[in-house]
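# Give the three-dimensional model of this entry:
(one chain, ligands or ions: 3)
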Amino acid sequence: MASYPYSSTSSSDISTPRSISPSSSAGRSSQSSVSNINKRMSISSSRRISAANPMSSVDIATIEEAMRMANLDTMRGYTQNTPGEVRQHATTEYLTQNQALGYQVLNEPLWNKGLSFTPEQRVHKNLTGLLPHVMEGADKQTERALKVIRTRQTSIDKYLYLSNVKSNNVDLFYRLLIDNAREMMPLVYTPTIGDVCLQYSTLYTRPEALYISIKQRRSIRTMLRNWPYPNPEICVVTDGSRILGLGDLGVNGVGIPIGKLALYTAAAGIHPGKTLPIVLDCGTANETNLKDPLYLGMRSKRVSVAEQQTFMDEFMEAAAEVFPNMVVQFEDFESEKAFNYLDRYRNKYKCFNDDIQGTGAVVLGGYIGAVNLSGVPIEEQRLVFMGAGSAGVGVAKQLVEYYTKRGLSEQAARDKFWLVDTKGLVTKDRGDKLAEHKKYFARTDNNGHQFRTLEEVIEYVKPTALVGLTATFGVFTESVVRALKASVDAGGLGRRPILFPLSNPLTKAECTFEQAVTWTDGTVIFASGSPFSPFTAKTGDGHAVTYHPNQGNNVYVFPGIGLGAILAKAGRVTDSMIYTSAAALAGALNADEIHKGLIYPRIERVRDASLVVAREVMKAARRDGVSMLPEAQWNEWEEWGDPALEKYIKEHIYDPVL
Ligand SMILES: NC(=O)c1ccc[n+]([C@@H]2O[C@H](COP(=O)([O-])OP(=O)(O)OC[C@H]3O[C@@H](n4cnc5c(N)ncnc54)[C@H](O)[C@@H]3O)[C@@H](O)[C@H]2O)c1
Ligand SMILES: O=C(O)C[C@H](O)C(=O)O
Ligand SMILES: [Mg+2]
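Ligands and ions are numbered 1, 2, ... in the order given. I've put the predicted structure just below:
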């Protein structure tokens, strides 16, 4: 038998080939993590080998032998890959079974345990001498990383350091993120990720996603198959056309799928090897990018809506074919496309739109608690939305559903909402051509009057709640906020205004937390999209009072929605799975949080919240008949109740161990 490059193993060493489970929802249990790591390692090895010795030079008989040894049928069932890919897997299976060189272990981020390797592991994995002598647990290694992060001056520098940790040692990265959520989340997610996206082409050092350009549309399947981790379960995809409130950033928007997927792992425990970030490069309208010599995307104007639609159809079809178990989350597509794609694909593929549905659910979850605190009964609430885009309309629709579930007619529920955009109150007779998604909320009871400014709308509506989804800093001015407070508490009953400036990143927030507290004399019930710091104010008698903001960000629901859909093996993501996530979130606050007057769980408890959300999403999938889990499994859970289901979820989630 011909020997492989780097191989000196005799054939008897491969007599018990590692099998790859066809049905593994792997990656979450420790056993399956190992299997993933093995597979990933196989791929690293194959790269190393092919660089030095192209596959074509390998003796074909040896390949056939390796394929036989590696149980080709099982593997074909698992990967559904091309014969060439199966061959590659087979070959590398054979090699890595025996060839895990120490430096390969250290260079593989999913294998590397940093300084945690035990003396036995160091010997066994040929690591002796490749690491400093000390053996450290998670505490020491995170302490070291935190020390470095805290000495870095800018958020971007901190991000870059963290990103480096992620590409070296995935477990350490997630330990840092999970155990220090309040400090780390703003670095890997909003607001820092906004700055990262703005500069992505300059900061770029290594690929971290799939970059699929419309020019390569004939190779979508090949590109998907090139992703080095097998069978991803969750994909976040953007076309970069509306990144946070920063507009069209083109391929630079890829930071958002990367950041969101880091939170899928940190906040819901989806194994990092099962996440797939994708940017679809369809050009960009961003002149700065187009002129930037370092810009990494296609240097051309964005393609037409129709052309992108066809490309999107091709992408969705290919993704479902190559990764049939994968849930797709649409992220930061500009409004028109966001609504179109959701409508077009929701009944055909496992997908949802985070900006429309996730945001709708998270705001509803917070709104339920806010109404309780406000002193204004739910029936008397009147809501003004500043911003009528994908998020504004998505949220308003979710709240309409809440009201209808509480017994209001759809018309009565809809009448509680006044949506405002750049042209003023959205009315049917405003005189401009309303975008399709705004029509549902266009008012008809304005008697021909048009209200152009937010002040005019507040004067007219006398709202109890004001929601900002405009991507415009400062539109909640002092006079607006004071008018809101006055309209809520006209009777002097101590009723509190609900004020949600939800736009991201912080530079786009409609007002700051300090302003909201000051202009409402501390009465505000506040949630913002990106995190504000607590604010300490002096009272009239010289005392200091510290106010704590809420973060109303879809991170409280999308990880749990995705996890629930995956674990339930849901064939579709239904409306009631989304709605349920809101109700579950509202019920996830603990006694301390309720006592402190919070409307969302503290961010340190986002993992607890995701667990509850995932559990309820799974149950909703079952109720809607879209869960493909065996009947017997559901019978067992229905018999034993939530604790049994929670136990199952916990057993299937990733918790990094160092
Ligand atoms: N907190 C969260 O979880 C969350 C979730 C999704 C979106 N967002 C944020 O919401 C913002 C909007 O997102 P989108 O997808 O709806 O964007 P979009 O572009 O679809 O909609 C923006 C809307 O705001 C209106 N608008 C813009 N400037 C305005 C102004 N000065 N006065 C009145 N209306 C104005 C536009 O007419 C449009 O209707 C973004 O900043 C995004 O980051 C936050
Ligand atoms: O990305 C976020 O922080 C929330 C939301 O999806 C957004 O687009 O702003
Ligand atoms: Mg978004």
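# make it CA atoms for all contacts and neighbour counts henceforth
Noted.
# Check what pLDDT whatever residue of the stretch 501-650 of the chain ends up closest to ligand 2 gets.
Nearest to ligand 2 in the stretch 501-650 of the chain, going by Cα to the nearest ligand atom, is Asn504, at a distance of 4.8 Å. Asn504 is assigned 97 on the pLDDT scale.
# so it touches Thr512, yeah?
No - judged on Cα atoms under 8 Å, Asn504 makes no contact with Thr512 at a distance of 11.9 Å.
# Mind checking which of those two has more residues around it?
Set side by side, Asn504 and Thr512 show more neighbours around Asn504, with 26 against 20, by other Cα atoms under 10 Å.
# So Leu499: helix, strand or coil?
Secondary structure state of Leu499, per DSSP: H, G, I helix; E, B strand; the rest coil, is strand.
# show me the contacts for it.
Shown in contact with Leu499 (Cα atoms under 8 Å, 6 or more residues apart in numbering): 465-467, 516, 524-527.
# is it in a bridge, and if so with what?
Leu466, Phe526 (DSSP bridges).
# Now do the contacts for the most centrally placed residue in the chain.
Ranked by distance to the mean C-alpha position of the chain (Cα atoms, centre = their mean), the top residue is Lys260 at 3.1 Å. The neighbours of Lys260, taking Cα under 8 Å, 6+ apart as the test, are 189, 236, 555.
# ok, now how distant is the residue of the stretch 101-250 of the chain found nearest ligand 2 from ligand 1?
Nearest residue of the stretch 101-250 of the chain to ligand 2, counting by Cα to the nearest ligand atom: Leu244, 4.1 Å away. For Leu244, the distance to ligand 1 equals 3 Å [Cα to the nearest ligand atom, to the nearest Å].
# and if you look at Leu290?
Leu290 sits 21 Å away from ligand 1, going by Cα to the nearest ligand atom.
# ditto for Trp519
20 Å.
# Next one, pLDDT for that residue please.
At Trp519, the predicted lDDT confidence score is 98.
# Nearest spatial neighbour of it, chain-adjacent residues omitted?
Nearest residue to Trp519, sequence neighbours excluded (Cα to Cα, 6 or more residues apart in numbering): Arg482, at 5.9 Å.
# Same question for Gly283.
Nearest residue to Gly283, sequence neighbours excluded (Cα to Cα, 6+ apart): Arg302, at 4.0 Å.
# For the one you found, which residues are in contact?
Counting by Cα under 8 Å, 6+ apart, Arg302 has contacts 282-285.
# ok, now Val305?
The neighbours of Val305, taking Cα under 8 Å, 6+ apart as the test, are Lys337.
# So for it, what's the pLDDT?
Per-residue confidence (pLDDT) for Val305: 97.
# distance of it from ligand 1?
15 Å.
# Now do Ala442: how many residues are near it, please.
21.
# Now do the contacts for the nearest residue to it once chain neighbours are set aside.
Nearest residue to Ala442 in three dimensions, chain neighbours excluded: Thr427, at 4.4 Å (Cα to Cα, 6+ apart). Thr427 is in contact with 441-444, 446, 450, counting by Cα under 8 Å, 6+ apart.
# Closest one of those residues to ligand 3?
Distances from ligand 3 to the contacts of Thr427, taken as Cα to the ion, are shortest for Phe441 (21.9 Å).
# So Asp239 is in contact with Ser335, correct?
No - between Asp239 and Ser335 there is no contact under Cα under 8 Å: 11.9 Å.
# So which of those two has more stuff around it?
Under the criterion of other Cα under 10 Å, the comparison of Asp239 against Ser335 puts Asp239 first, with 31 against 20.
# Local confidence estimate at that one?
pLDDT recorded at Asp239 is 98.
# Now do the SS call for the residue in the stretch 351-500 of the chain that ligand 2 sits nearest to.
For the stretch 351-500 of the chain and ligand 2, the shortest gap (Cα to the nearest ligand atom) falls at Asp355, measuring 5.1 Å. Under three-state DSSP, the three-state class of Asp355 is helix.
# again with Leu172
Applying three-state DSSP: Leu172 is helix.
# For ligand 1, see how far away it is.
In this view, Leu172 and ligand 1 are 27 Å apart by Cα to the nearest ligand atom.
# just to revisit the earlier point, just put the contacts of Lys260 in JSON lines and tack on neighbour count and pLDDT.
Output for these, formatted as JSON lines (neighbours: other Cα atoms under 10 Å; pLDDT from 0 to 100):
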{"residue": "Tyr189", "neighbour count": "24", "pLDDT": "98"}
{"residue": "Val236", "neighbour count": "28", "pLDDT": "98"}
{"residue": "Val555", "neighbour count": "23", "pLDDT": "98"}
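# And the residues you listed, which is closest to Glu379?
Nearest to Glu379 out of those is Val555 (Cα to Cα; 28.5 Å).
# That closest one contacts Leu263, doesn't it?
Yes - using Cα under 8 Å, Val555 is in contact with Leu263, at 7.4 Å.
# three-state assignment of the residue of the stretch 401-550 of the chain found nearest ligand 3?
Nearest residue of the stretch 401-550 of the chain to ligand 3, counting by Cα to the ion: Asn504, 8.8 Å away. Recorded secondary structure, Asn504: coil (three-state DSSP).
# For it, give me its contacts.
Contacts of Asn504 by Cα under 8 Å, 6+ apart are 190-191, 244-245, 471, 529-530.
# Give me the phi and psi for it.
Backbone torsions of Asn504, given as degrees, to the nearest 10, read phi -120, psi 160.
# returning to that earlier point: for the record, mean pLDDT for the regular element (helix or strand) spanning the residue nearest to the centre of the chain?
Using DSSP states H and E, the element containing Lys260 is helix 255-268. Across helix 255-268, pLDDT averages out at 98.
# Could you do stretch 465-482 as well?
Across stretch 465-482, pLDDT averages out at 98.
# can you check stretch 442-456 too?
97.
# Could you tell me what pLDDT the model assigned to the residue nearest to Tyr402 when sequence neighbours are not counted?
Of all residues not flanking Tyr402 in the chain, Leu364 sits nearest, at 7.8 Å (Cα to Cα, 6+ apart). Leu364 is assigned a predicted lDDT (pLDDT) of 98.
# what does stretch 517-527 contact?
Against stretch 517-527 from outside (Cα under 8 Å, 6+ apart): 370, 373-374, 478, 481-482, 485, 496-502, 513, 516, 547, 549-552.
# tell me the SS of the residue lying closest to Thr477 once chain neighbours are set aside?
Sequence neighbours aside, Cys511 is the residue nearest to Thr477 in space, at 7.2 Å (criterion: Cα to Cα, 6+ apart). Applying three-state DSSP to Cys511 yields a three-state assignment of coil.
# Number of residues surrounding Cys511?
25.
# Against Arg221, how distant is it?
45 Å (Cα to Cα, to the nearest Å).
# Leu162 too?
31 Å.
# Just want to know which of the two has more residues nearby.
Counted by other Cα under 10 Å, Leu162 and Arg221 do not tie: Leu162 has more neighbours, with 24 against 18.
# Pull the contacting residues for that one.
Neighbouring residues of Leu162 by Cα under 8 Å, 6+ apart: 149, 173, 188.
# Against ligand 3, how distant is it?
Distance, Leu162 to ligand 3, using Cα to the ion, to the nearest Å: 22 Å.
# The chain should start at 28 in everything you say after this.
Let's use 28 as the start, then, which means that last one is Leu189.
# Need phi/psi at that residue.
Note on Leu189: backbone dihedrals following degrees, to the nearest 10 are phi -60, psi -40.
# Now tell me what touches stretch 493-501 from outside.
So stretch 493-501 is contacted by 271-273, 410-416, 418-419, 448, 511, 525-531, 534-538 (Cα under 8 Å, 6+ apart).
# now do 7 Å
272, 410-414, 418-419, 525-531, 534-538 (Cα atoms under 7 Å, 6 or more residues apart in numbering).
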